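**Q** One predicted model, sequence on top.
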Amino acid sequence: MTIETKYSNIPSIDAEMGKKVFNYIQTLTKPVGSLGRLEELAVQLGEITSNPFPTVTPPGILVFAADHGVAVEGVSAYPKEVTAQMVLNFLGGGAGINVFGRQIGAIQRVIDIGVASDIEEPGVIQKKVRYGTGNFLVEEAMTRNEVEQALEIGFSQCEEVIQEGAKCIILGELGIGNTTTSSAMLAALNGVDSVGDLIGRGTGISDEKLLLKQQVIEKALAERKPNPSDPIDVLSKVGGLEIAGMAGAMLAAAQNRVPILVDGFISTISALVAKAINPAAGDYMIVGHRSAEPGHLLALQLLEKQPLIDLGMRLGEGTGAAVAFPILQSATLMIKEMATFESAGVSSKE
Ligand SMILES: Cc1cc2ncn([C@H]3O[C@H](COP(=O)(O)O)[C@@H](O)[C@H]3O)c2cc1C
Ligand SMILES: O=C(O)c1cccnc1
């Protein structure tokens, strides 16, 4: 079975429901259109869930952790051991995403989909496909079969969280070097071989390392030659296991009519992969925030989405989406709790 066939079961969004929600919003006690983008979000949530009074709580946050072989080239400001150390920090509840996840009452889980060391701690979901990807400067990151395994793990992990009651899905990642991987993937998906505009400082690299990052990616693209029209080829040649896992999870959310709140740069690359596998997945996505990582701009253009907030954040882990989440809640509460002109006895427009 091809990947496209395997993930072909995404229903169309409910355009009729969207119209009903739109018409109902016109009856609420406010000047027409005055709640701006919240009104658009309410319509989109109606279309996604097929429910006139959708709910997004509790959200589910899935953080996928994996290492990147390319980290040995010195493209991050931090050592690669940080990936595993941050998984432990997550389990202790001290990562940024834990804090914002608690704030929004989220169901949270962390999945080892490819950390380069064994993490014995209880609490981490053990789904290691391999001990980190290969260094794509010198070899393919992983096999097609490993990409397919990672997609499938992401898919089933997300279905489990939906079973647990999650009404909106946020994907996060931990993986030292993954801004390099994401920039390489973005260039590959976009069919370009120069990446000057698509790279950034990730965890905060120096000018010298930034130049090295560009050279590493451009050389890797020339050597690996990923096929822009085959997302599995792009993942296997220059991708990451957590990026594949998040893409699989997004396909599951879409298949189950659960809204996806996309995070920053890395998460948007997963969104592009999910959309390349099944274009219908894009209709289930809302982008939470705009990352300070420069490549996010092009990634958002390709995804054809406008982020909800721009706070200059560049952490990943799902943090930007978690911070933006209350905006989705506002959209749902607007429909559920605002009075209509009729119920409140307020005179409507002349
Ligand atoms: C302490 C720490 C916590 C993080 N949480 C997310 N990231 C983020 O930064 C890394 C990507 O940036 P680069 O490509 O420059 O390595 C990933 O681990 C990503 O999840 C972190 C990075 C660090 C150092
Ligand atoms: O926007 C992101 O996803 C991001 C940016 C920098 C580092 N890690 C993640």
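**A** Sure, I can see it. Residues are numbered from 1 along each chain as shown. Ligands and ions are numbered 1, 2, ... in the order given.
**Q** Can you point out the helix or strand that includes the residue nearest in space to the middle of the chain?
**A** If you average the C-alpha coordinates of the chain and look for the closest C-alpha using C-alpha atoms, centre = their mean, you land on Ser267, 3.1 Å from that point. Taking DSSP states H and E as the criterion, the element that holds Ser267 is helix 265-277.
**Q** Which positions in that helix come out as buried?
**A** Neighbour-count burial for helix 265-277 flags 265-277 (criterion: 16 or more other C-beta atoms under 10 Å). Yep, even glycine has a C-beta here, placed from its N, CA and C like the rest.
**Q** picking that back up, could you check the distance from the residue nearest to the centre of the chain over to ligand 2?
**A** When C-beta to the nearest ligand atom, to the nearest Å is the yardstick, Ser267 and ligand 2 sit 6 Å from each other.
**Q** go on, Glu16?
**A** Summarising the geometry, the distance separating Glu16 from ligand 2, computed by C-beta to the nearest ligand atom, is 35 Å.
**Q** Kindly list the main-chain dihedrals of that residue?
**A** Phi and psi for Glu16, reported as degrees, to the nearest 10, are phi -60, psi -40.
**Q** Tell me how many other residues surround it.
**A** If you count neighbours by other C-beta atoms under 10 Å, Glu16 ends up with 11.
**Q** Check whether the helix holding Ser267 comes near ligand 1.
**A** No: remark: helix 265-277 sits outside contact range of ligand 1, by C-beta under 6 Å from any ligand atom, the gap being at least 6.7 Å.
**Q** moving C-terminal of that helix, what's the next helix or strand?
**A** Next element after helix 265-277 (DSSP H and E): strand 285-287.
**Q** Report the rounded mean pLDDT for that following strand.
**A** Averaging pLDDT along strand 285-287 yields 99.
**Q** After that strand, heading C-terminal, what element do we hit next?
**A** As assigned by DSSP H and E, the chain's next helix or strand after strand 285-287 is helix 296-303.
**Q** what comes up buried for that next one?
**A** Result for helix 296-303 [16+ other C-beta under 10 Å]: buried residues His296, Leu298, Ala299, Leu300, Leu302, Leu303.
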